[in-house]
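> Build me a model:
(chains A and B)
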Number of protein chains: 2
Amino acid sequence: MSRFWSAIVDGLDPYVPGEQPKLPNLIKLNTNENPYPPSPRVLDALRSEAGDALRLYPDPNSDALKQTIAAYHGLESAQVFVGNGSDEVLAHVFMALLKKPAPLLFPNISYSFYPVYCGLYEIDYREVPLRADYRIDPSDYCGPCGGIILPNPNAPTGIALPLSKIETLLSEHPDSVIVIDEAYVDFGADSAIALIKRYPNLLVVQTLSKSRSLAGLRVGFACGHADLITALERVKNSFNSYPLGRLAQKGAIAAFADEDYFQHTRRAIIASREQLCTELQELGFSVLPSTANFIFAAHPKHDASKLAAALRERQIIVRHFRKPRIDQHLRITIGTPQQCEALVGALREICGDD
Amino acid sequence: MSRFWSAIVDGLDPYVPGEQPKLPNLIKLNTNENPYPPSPRVLDALRSEAGDALRLYPDPNSDALKQTIAAYHGLESAQVFVGNGSDEVLAHVFMALLKKPAPLLFPNISYSFYPVYCGLYEIDYREVPLRADYRIDPSDYCGPCGGIILPNPNAPTGIALPLSKIETLLSEHPDSVIVIDEAYVDFGADSAIALIKRYPNLLVVQTLSKSRSLAGLRVGFACGHADLITALERVKNSFNSYPLGRLAQKGAIAAFADEDYFQHTRRAIIASREQLCTELQELGFSVLPSTANFIFAAHPKHDASKLAAALRERQIIVRHFRKPRIDQHLRITIGTPQQCEALVGALREICGDD
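Numbers count the residues shown, from 1 in each chain, chains lettered A, B, ... in the order given. The predicted structure follows:
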C-alpha cells in the first residue's frame, strides 16, 4: 500500500486471466479460444481499414455496429450496447445496473470476474452454491435481491439453463435486473435475447471472442430494453468516449456478415465436443453435459492437478482451478479434431495403467 | 431515471466528444486529429497482424508494448501503464490515485472530461481559474489537496507550463499525486517524463492519438513510479484484463519504431501552426501562444459562434465551446498546409468587410 493510492486500491483482488504462454507449438486448450481462424471476410475488412483513416477518431457511438447487431438479433439499435470485450461491458453493467442496496446474487461456482467487479464498485453480493450435480436451480434465487447475474451456459461447468427457467427468474424478480452472460451460448444453448421484448429487466451479454474467433480484437455487446442500455451509455460516456477503435468496429461488422462461416465453425466445434466427451468417458472421465466450447471433466482415479501437469509436459495446456468443489476437474477447450485427438492420445498414455 | 438504474447513474453528466460527421469532403479541424496518416510501418504491422492469430487473446499485460515505450522514454517497463486510449488511462488514474479525502484540483478552463470522471467516481474537486491571460499559475495550487491534474500544454488554450513550474508543484505537494496530461506535448512543449526519476508523486499521461496519427486505434499510456503503476494495474485488472487487442499492441509498437516519420510529421505541424498564427493575426485575430496541434483564437469584431457557423457553410468545421470566458474563442486544429490555406481563405472572406 502506497500513500499515493486511493483507499479502494489496496483491498482489490484483481482477476487472473488464463495463461497466455509465448511458447510456440503448444496445444492451447486453456482459455476457450476458438480453434478456427476468424472469417476471411473479417480479415479482409481489417486489412482494408488499416489505412489513412486511422488518424481519425472512430465513431464514439459505434452506430453501424449497433445497427448490425440489432438487425442480426431482431432488435432496435437503442437496445444494443457495445464495448471493448464483454469484460468491459460487464464492468459497466455492474456499475450501472447492479449496484443496489440489496445484495447481488450469482452462482458459486461461476465466472470468477463477478466478485472482482463487486470489489471494484463496492457492491454487496451473495454467492448461491450450485446444486450437487453442478446445476443452477432458480428456486435457490428466491427473495429480494439487488439483481442476479449468471452465465448461460455456466462457466466453467458448461451446463446450460433452459429459457423456461430463466423466464422464472425474470418474472419472479420484476424489479431487479437479471443479466444473462452468454459468452458461450452459440455452442448449443438458447439465447435469452428472444425474451427481451417481454422482460424490461433482462440484459443479455455476448462476445465475439469465442464463437466469432475474435478474442484478439476485443468486442463484446449487451442487448436489453432501451432504458437499461441508456444507463450503460451514461456510464460509458463518463469513462471513455471511444472504447472501440475503427478496426474493432469494422471487423465486428464483417463477422456478422459471414453467417455461413459462423454456422460452419460453430457446428464443427459442437461435433468435436460430442466426440471428445465420448472418448473421455471411455477413458473413465466423468464429463458434465456441456453446451459450451469447453468441457469440464474429472477422473475418479487421477488427481486433476497431476493430470494438468502431465499434459503440460506433453505440450498441451488445459485449465485447472484450485478451488473447493472443482479442484478435481479440468476445463478443456474444444480444439480442432487433430488437437482433440492429440489430447485423447496423451490422456490415454497418462491414464493408461488403469 | 429507471428503477433498474444504480443510484449513481442519474446524476452523471457524461462527456460530449467533438462531432465526428459522416459527410465526405469536410475540412475537419474540430477534434485535434493529425492531418497526416499513420506511419506506413504501422499500417504494415496492422495488416500483417490481421490474420489467424486474432482468434487468440492478446497479451493481457501488453509486455512488448510496455517495453517499447519504456525503452523510448528511458524508463523501466514497471514504470509504464497502457490503456485503450488516454481517456481510459485517465479514468483508471482518477479511480486509483485521485480519489482522496481532500479535493482534487484542476484548472478551469481545461479538459472537460476531468469533472466527468469526478462525477463517475464521486471524487471531490475544486476548479482553479486560469489567470486573466489564460495561463496556469502554480501559486494558485497552494495548500492541502488530494491531487492535481493538468494538461500540459493545456487544452483548449494550447499554452504550456515550463518544467520548472511543474517541479514547483511536485515539490510543494510531496504527498499528493500530480498528473500531467501530455496529450499534445509532442508539438512543442517539454515532457515531464524527464522528472519521473526524482518525483515519486508524478504521473505523466500520453496518447498515440495525436502526434502518432492513431486516434482510430485507441492507445494511451501513463509513466511514473512503479508504485503508481501498480495501483493502475490493480484497478485495470479488476475492470478488464484485455484493454488492448492484438492490433492495437502491434500497431503501437510499430509507431515507436518509426522515429523519422514521427519527427517529420510533428515538425510539419509545428511549422503550419506558426504560419497559421501569423496569418490569423494579420486578419485581426488574437491567438494564444500554442505548443499544441491546435490554436485558440478570438476576433475582436466577429462573434465566435457566428464565425464557426460561417466556416461550416464553407465545409470547414472547428470547435466552439459555449462556456464562460471562452465563448468568443475558436479551437482550430492544425491541418495540412492546404487545409490551413483553405481556412485562412474562408476567414478572409468572412471577415473581409473589416
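
> Any residues of the stretch 51-200 of chain A in contact with chain B? List them.
Residues of the stretch 51-200 of chain A lying close to chain B by Cβ under 8 Å from any Cβ of the partner chain are A:51-60, A:84-85, A:87-88, A:91, A:95-100, A:116-117, A:119-120, A:175-177, A:200. Glycine gets a C-beta too; all of them are placed from N, C-alpha and C.

> which of those are buried?
Taking 16 or more other Cβ atoms under 10 Å in any protein chain shown as the criterion, what is buried in these is A:54-60, A:84-85, A:87-88, A:91, A:95-100, A:116-117, A:119-120, A:176-177, A:200.

> gap between residue A:261 and residue A:248?
19 Å (Cβ to Cβ, to the nearest Å).

> between the two, which one's more packed in?
Applying other Cβ atoms under 10 Å in any protein chain shown to residue A:261 and residue A:248 shows that residue A:248 carries more neighbours, namely 31 against 19.

> could you measure the more buried one against residue B:240, distance?
From residue A:248 to residue B:240 the distance is 14 Å (Cβ to Cβ).

> Touching both of these two, which residues are there?
Shared contacts of residue A:248 and residue B:240, defined by Cβ atoms under 8 Å, 6 or more residues apart in numbering or on different chains, comprise residue A:84.

> which parts of stretch A:303-316 are buried?
Buried residues in stretch A:303-316 (16+ other Cβ under 10 Å): A:304, A:307-308, A:310-311, A:316.

> mind checking how far that stretch is from the chain centre?
24 Å (Cα atoms, centre = their mean, to the nearest Å).

> what's in contact with it?
A:25-27, A:29, A:298-299, A:317-320, A:322, A:327-330, A:342-343, A:346-347, A:349-351.

> The helix ranked longest in chain A: which residues count as buried?
Longest helix in chain A by number of residues, with DSSP state H as the criterion: helix A:259-282. By neighbour count with 16+ other Cβ under 10 Å, helix A:259-282 contains the buried residues A:261-262, A:265-266, A:268-270, A:272-273, A:276-277, A:279-280.

> Just the closest of those to residue A:212, please.
Of all these, residue A:262 has the smallest distance to residue A:212: 6.7 Å, by Cβ to Cβ.

> Please name the residues that touch the closest one.
Per Cβ under 8 Å, 6+ apart, neighbours of residue A:262: A:39, A:186, A:211-212, A:255.

> what's the answer for residue A:163, then?
A:190, A:192, A:194-195 are the contacts of residue A:163 under Cβ under 8 Å, 6+ apart.

> near chain B, which residues of the stretch 201-350 of chain A show up?
So the stretch 201-350 of chain A meets chain B at A:201, A:209, A:213-218, A:227-228, A:230-231, A:233-235, A:237-248, A:251 (Cβ under 8 Å from any Cβ).

> which SSE is the residue positioned nearest the centre of chain A in?
In chain A, the residue lying closest to the centroid (Cα atoms, centre = their mean) is residue A:183, at 3.1 Å. If you go by DSSP states H and E, residue A:183 is not part of any helix or strand.

> Domain-wise, how is chain A divided?
As assigned by automatic domain parsing, chain A contains the domains A:7-37+A:260-350, A:40-258.

> Endpoints of the longest one, how far apart?
This means domain A:40-258. 9 Å (Cα to Cα, to the nearest Å).

> Give me the distance from that domain to the chain's centre.
So, by Cα atoms, centre = their mean, the centroid of domain A:40-258 is 9 Å from its chain's centroid.

> ranges for the helices of chain A?
A:7-11, A:40-49, A:63-73, A:85-97, A:114-121, A:163-172, A:226-236, A:246-257, A:259-282, A:304-313, A:337-350.

> Tabulate the ones you listed (JSON lines), appending distance to residue B:143 and mean pLDDT.
Formatted as JSON lines, the helices of chain A follow (distance: least, Cβ to Cβ, whole Å; pLDDT from 0 to 100):
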{"stretch": "helix A:7-11", "distance to residue B:143": "21", "mean pLDDT": "95"}
{"stretch": "helix A:40-49", "distance to residue B:143": "50", "mean pLDDT": "98"}
{"stretch": "helix A:63-73", "distance to residue B:143": "46", "mean pLDDT": "98"}
{"stretch": "helix A:85-97", "distance to residue B:143": "32", "mean pLDDT": "98"}
{"stretch": "helix A:114-121", "distance to residue B:143": "31", "mean pLDDT": "98"}
{"stretch": "helix A:163-172", "distance to residue B:143": "53", "mean pLDDT": "97"}
{"stretch": "helix A:226-236", "distance to residue B:143": "33", "mean pLDDT": "98"}
{"stretch": "helix A:246-257", "distance to residue B:143": "44", "mean pLDDT": "98"}
{"stretch": "helix A:259-282", "distance to residue B:143": "60", "mean pLDDT": "98"}
{"stretch": "helix A:304-313", "distance to residue B:143": "56", "mean pLDDT": "97"}
{"stretch": "helix A:337-350", "distance to residue B:143": "63", "mean pLDDT": "97"}
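
> From residue A:192, how far out is residue A:71?
From residue A:71 to residue A:192 the distance is 19 Å (Cβ to Cβ).

> neighbour count winner among those two?
Using other Cβ under 10 Å as the criterion, residue A:71 and residue A:192 rank with residue A:192 on top: 25 against 13.

> which residues touch the more buried one?
Taking Cβ under 8 Å, 6+ apart, one finds A:152, A:163, A:166, A:180, A:182, A:202, A:204 in contact with residue A:192.

> give the contact list for the closest residue to it other than its chain neighbours.
Excluding its sequence neighbours, the residue lying closest to residue A:192 (Cβ to Cβ, 6 or more residues apart in numbering or on different chains) is residue A:180, at 4.5 Å. By Cβ under 8 Å, 6+ apart, the contact set of residue A:180 is A:149-152, A:166, A:192, A:202-205.

> Next: residue A:152.
Counted by Cβ under 8 Å, 6+ apart, residue A:152 has contacts A:160-161, A:166, A:180-182, A:185, A:189, A:192.

> okay, it: pLDDT?
If you check residue A:152, the pLDDT there is 98.

> repeat for the one 10 residues further on
In this model, residue A:162 is scored at 97, pLDDT.

> Same check on residue A:354?
58.

> before we move on, the earlier item: any idea how far chain B is from the residue nearest to residue A:192?
15 Å (Cβ to the nearest Cβ, to the nearest Å).

> Beta-bridge partners for that residue, please?
Per DSSP bridges, residues listed as beta-bridge partners of residue A:180: residue A:150, residue A:204.

> distance of it from residue A:199?
Applying Cβ to Cβ to residue A:180 and residue A:199 gives a distance of 10 Å.
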